[in-house]
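**Q** Predicted model, plus sequence, below.
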2 protein chains.
Amino acid sequence: MATTAKKRESATANLPATTGKPTINDIARLAGVSKKTVSRVINRSPLLNEKTRERVEAVIQETGYVPNPQARALALGRNFLIGLIYDNPNAQMILNVQQGILEALRDTDCELVVRPVDRGSATMLDDIRSFLERQRLFGVVILPPVSENDLIAKLCDEVGCRYVRMGSAMLDNAAHMVASNDRDAVVDAVRYLIAQDHKRIGLVTGPHGFRSARERREGFEFALAEAGIKLPRSLIAEGHYTFESGITAADSLLALSPRPTAIFACNDEMAAGVLFAARERGLGVPEDLSIIGFDDTPIAPRVWPPLTTVRWPIVAMGRSAALKLINGIFAHSEIEEEEPSTFFSTLIRRGSVAPPKKDKT
Amino acid sequence: MATTAKKRESATANLPATTGKPTINDIARLAGVSKKTVSRVINRSPLLNEKTRERVEAVIQETGYVPNPQARALALGRNFLIGLIYDNPNAQMILNVQQGILEALRDTDCELVVRPVDRGSATMLDDIRSFLERQRLFGVVILPPVSENDLIAKLCDEVGCRYVRMGSAMLDNAAHMVASNDRDAVVDAVRYLIAQDHKRIGLVTGPHGFRSARERREGFEFALAEAGIKLPRSLIAEGHYTFESGITAADSLLALSPRPTAIFACNDEMAAGVLFAARERGLGVPEDLSIIGFDDTPIAPRVWPPLTTVRWPIVAMGRSAALKLINGIFAHSEIEEEEPSTFFSTLIRRGSVAPPKKDKT
DNA sequence: ACCTTGTTGACACCGGTTACCATAATAGCT
DNA sequence: AGCTATTATGGTAACCGGTGTCAACAAGGT
């Protein structure tokens, strides 16, 4: 009875035993063919007699055989996993992309593994590299703003990992890119404000260094220039895509005299912040101040008044990104349609915009 | 030039070649030991001479060797992947859990794979089973409301997959459960309302069949009974944890005469809906109507007035769930602290509650 | 000399894949 | 017809990079 503290060889040894599922060998035996032939059936090899295929497939059906992904991963040096790499201030966006990717992956054997990274961290590139090399991912979808880093794309090439970047501009060739036309969408939104007779329009930008922030700002400036409106620098406040930064930016904008009659915020979070700040000052929206946001995240229709905003088709973009990755490998249809690379945002009119009150009439 | 359309044996053949990373064999050769010994070093086996370990570890350091997870997965019959199974109306909650799990996984070699399922679908159990069997997950975290399904827990046991369920009550033994005390939290919230002199308090419940909905409702009823307040059935409206259902429920509640002076909504989404409905009717919040929500999701502080709500420590619960899974396997500290199983929610007082206006004074 | 105990290695195995080869079937040629 | 060239088909064995089993060997205790 002495052998109490019997040392275990490894910490993982207490995991349950393997299940009794059929393997490729079982199928081969039952179908009276070799492993290799079964492998050919699984991989839809064209060099195979139709009758043999049918026979093997019958056995597969019967036994409910499913190839072991771990073994495949080892033999192929490639895992059937799609990675989602992000470092994003906007939770809702990540979830939407996730949803889009998962829709695309539904009928494949691929799974989605999520991987937040720390832009800012000096080791980010090394972290991503070791992640990719270790997991031997089939491919990755990279979200903005990390997607704007060309070094990551280069890294993917180096380690032989497919990738698709999402962003607000075509930063890469079409096979590696899913982009939205933020610039044009903002132009539309601001034209709408101008058409409502707004002349003093404030802008809350995104953080410096974000491509989307630049695109959206340029759209804003273009629309104003187009209408021949010239505004002082003070009507542009920098935000960080967060609710709090929206409040701060709005505080500085609303302290101006004369006050802007409308504010365009570069995302909904900040637009909600602007609305909040307006309420704190007792300003009526849209009577005293019109607001437009960007993204059409769930918050937009939930505040009062519901926010007019630009709808960013992020779920569709996520789906498209995933399809680009698996395109050609898991070809379900024989027709290989090229996935579109550019997506169009549209203005969703809700309740936060109205013509300004005429003081001078 | 004739061999143009040369048939490929398999569709996956055009994947890049394996990288030239060192393998366990290389390490064994360089260190002058056997593969098995290297394996022992990797797995921190105690049956190993200290000097040998050091020698091998030096070589590992030098070469930057990292064990191939695919090979390990095959040999062990177990993948180093944690699954997140959910079917949830609340996007924010999923993301928060995800964040918590990822925090816990940071220093392990585990990755997180997300797996939405369709509660409602007849094949849900089979889907989950095939997912677990195929991927040979290390463990899964199951979110409410699917976590309330005992069959899934049984399934996990059958296929030998560790699991931790999250929920609003202890549905399972502590090793498999991370629960919050919703009931008590709601009691506190309603007591607070009562202390502010509210006497007619409406309730927007969660969907029938959700354990959390039941717990929260029971808390509500308990607090009222405790204070000796008896209210008509009509002050209870069923919701579905969605914004829209909050509006609908509020519409029916606010049409009552006399109107409730306060409404407790079983989650923030619905509370936001109640607020929205109040605004539509021109009711002031909190002057004419007090509102309390549950969850403290990002929407709560972003609406006007910011919502008083119950903070549900969901990130911490996610972290704890993941730690329970990996506990004992990836023991970083020698002290194995037991992860707590119960988490406490707290009332966050913001701006949506005030004493009712005295009409009768 | 014998039994422990600690340390290490040889070898088969996990479940797929590919390279290479053998055979059969078909076509093309004299 | 007879023979070879070519293609179609499927088998064998090695391999991917780890892990478990079990035996071997050394050192120390009795």
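**A** Perfect, I can see it now.
**Q** all strands of the stretch 101-250 of chain A, in order?
**A** Secondary structure of the stretch 101-250 of chain A (DSSP state E, counting those that start in this stretch): strands at A:111-116, A:139-142, A:162-167, A:177-180, A:201-205, A:236-238.
**Q** between these, which gets nearest to residue B:67?
**A** Comparison of these against residue B:67 by CB to CB identifies strand A:111-116 as nearest, at 18.1 Å. (C-beta placed from N, C-alpha, C; glycine too.)
**Q** if we can go back for a sec, so for residue B:344, which of the strands of the stretch 101-250 of chain A sits nearest?
**A** Among the strands of the stretch 101-250 of chain A, strand A:111-116 comes nearest to residue B:344, with 27.1 Å by CB to CB.
**Q** The closest one: partners in the sheet, and parallel or antiparallel?
**A** strand A:81-86 (parallel), strand B:111-116 (antiparallel) (DSSP bridges).
**Q** can I get those in CSV with distance to DNA strand C, mean neighbour count and mean pLDDT?
**A** As requested, the strands paired with strand A:111-116 are exported to CSV (distance: least, CB to the nearest atom of the strand, whole Å; neighbours: other CB atoms under 10 Å in any protein chain shown; pLDDT from 0 to 100):
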stretch, distance to DNA strand C, mean neighbour count, mean pLDDT
strand A:81-86, 16, 24, 95
strand B:111-116, 20, 21, 95
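**Q** where's whatever residue of the stretch 51-200 of chain A ends up closest to DNA strand D, which helix or strand?
**A** Nearest to DNA strand D, among the residues of the stretch 51-200 of chain A, is residue A:52, at 3.4 Å (CB to the nearest atom of the strand). Assessed by DSSP states H and E, residue A:52 sits inside helix A:50-63.
**Q** returning to that earlier point: may I see the strands paired with strand A:111-116 arranged in CSV, with distance to residue B:78 as well?
**A** Below are those laid out as CSV (distance: least, CB to CB, whole Å):
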stretch, distance to residue B:78
strand A:81-86, 16
strand B:111-116, 14
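**Q** quick one: contacts for residue A:342?
**A** A:170, A:179-181 (CB atoms under 8 Å, 6 or more residues apart in numbering or on different chains).
**Q** on that earlier part again, please give me every residue in contact with the residue of the stretch 51-200 of chain A closest to DNA strand D.
**A** Taking CB under 8 Å, 6+ apart as the criterion, residue A:52 is in contact with A:33, A:37, A:41.
**Q** Need the residues you listed in CSV (columns: pLDDT, distance to residue B:25 and secondary structure).
**A** CSV is the format used below for those (pLDDT from 0 to 100; distance: CB to CB, whole Å; DSSP: H, G, I helix; E, B strand; the rest coil):
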residue, pLDDT, distance to residue B:25, secondary structure
A:33, 85, 32, coil
A:37, 87, 30, helix
A:41, 87, 32, helix
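**Q** for those residues, which one is nearest residue A:322?
**A** Using CB to CB, residue A:41 comes nearest to residue A:322 of these, at 26.4 Å.
**Q** Find the nearest non-adjacent residue to residue A:74, please.
**A** Nearest non-adjacent residue to residue A:74, counting by CB to CB, 6 or more residues apart in numbering or on different chains: residue B:70, 4.4 Å away.
**Q** what's near enough to touch the one you found?
**A** A:70, A:73-74, A:77, A:79, A:136.
**Q** List the buried residues of whichever helix or strand residue A:251 is part of.
**A** Following DSSP H and E, one finds residue A:251 within helix A:243-254. Under the neighbour-count criterion of 16 or more other CB atoms under 10 Å in any protein chain shown, helix A:243-254 has A:243, A:245-250, A:253-254 buried.
**Q** State the number of residues packed around whichever residue of chain A sits closest to DNA strand D.
**A** Across chain A, the shortest distance to DNA strand D (CB to the nearest atom of the strand) belongs to residue A:34, at 2.5 Å. Taking other CB atoms under 10 Å in any protein chain shown as the neighbour definition, residue A:34 ends up with a count of 13.
**Q** give me phi/psi at it?
**A** Backbone torsions of residue A:34, given as degrees, to the nearest 10, read phi -90, psi 160.
**Q** mind checking how far it is from chain B?
**A** Distance, residue A:34 to chain B, using CB to the nearest CB, to the nearest Å: 15 Å.
**Q** got the contact list for that residue?
**A** Taking CB under 8 Å, 6+ apart as the criterion, residue A:34 is in contact with residue A:28.
**Q** Also the one 5 residues further on?
**A** In this structure, residue A:39 makes contact with A:24, A:45, judged by CB under 8 Å, 6+ apart.
**Q** can you give me the offset of the helix or strand encompassing it from its chain's centre?
**A** Here residue A:39 sits within helix A:35-42, counting by DSSP H and E. Put simply, helix A:35-42 sits 37 Å off its chain's centre (CA atoms, centre = their mean, to the nearest Å).
**Q** Now do it and helix A:50-63, the angle between them.
**A** Angle of helix A:35-42 versus helix A:50-63, following axes from the mean of the first three to the mean of the last three CA atoms, to 10 degrees, is 90 degrees.
**Q** rewinding a little: would you show me how to pick out the buried ones of the contacts of residue B:70 in ChimeraX?
**A** Burial among the contacts of residue B:70 is assessed by 16+ other CB under 10 Å; the matching ChimeraX selection reads:
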select /A:70,73,74,79,136
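**Q** Once you drop chain neighbours, what's closest to residue A:314?
**A** In this structure, residue A:314 finds its nearest non-sequential neighbour in residue A:96, 4.5 Å apart by CB to CB, 6+ apart.
**Q** Look through the stretch 151-300 of chain A and state the residue closest to DNA strand C.
**A** When distances are taken as CB to the nearest atom of the strand, the stretch 151-300 of chain A reaches nearest to DNA strand C at residue A:160, 14.9 Å away.
**Q** Distance from stretch A:254-267 to the middle of the chain?
**A** 30 Å.
**Q** ditto for stretch A:129-140
**A** Relative to its chain's centre, stretch A:129-140 lies at 18 Å (CA atoms, centre = their mean).
**Q** just stretch A:281-290 next, same as before
**A** That offset, for stretch A:281-290, works out to 33 Å (CA atoms, centre = their mean).
**Q** And it, what's buried?
**A** A:283, A:285-286, A:288-290.
**Q** and if you look at stretch A:130-149?
**A** Those would be A:131-149, for stretch A:130-149 by 16+ other CB under 10 Å.
**Q** what do you get for stretch A:165-178?
**A** A:165-169, A:171-172, A:176-178.
**Q** what does stretch A:176-189 give?
**A** Quick answer for stretch A:176-189 (16+ other CB under 10 Å): A:176-183, A:185-189.
**Q** again with stretch A:195-205
**A** A:198, A:200-205.
**Q** CSV please, covering the residues you listed and showing distance to residue B:338.
**A** As requested, those are exported to CSV (distance: CB to CB, whole Å):
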residue, distance to residue B:338
A:198, 60
A:200, 61
A:201, 58
A:202, 54
A:203, 53
A:204, 47
A:205, 49
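**Q** Quick check: of those, which lies closest to residue A:304?
**A** Distances from residue A:304 to those, taken as CB to CB, are shortest for residue A:204 (19.6 Å).
**Q** Any idea what that closest one is bridged to?
**A** With DSSP bridges as the rule, residue A:204 is bridged to residue A:237, residue A:265.
**Q** Show me where the stretch 51-200 of chain A has its helices.
**A** Remark: helices assigned in the stretch 51-200 of chain A by DSSP state H, counting those that start in this stretch are A:69-76, A:91-105, A:124-135, A:150-159, A:182-195.
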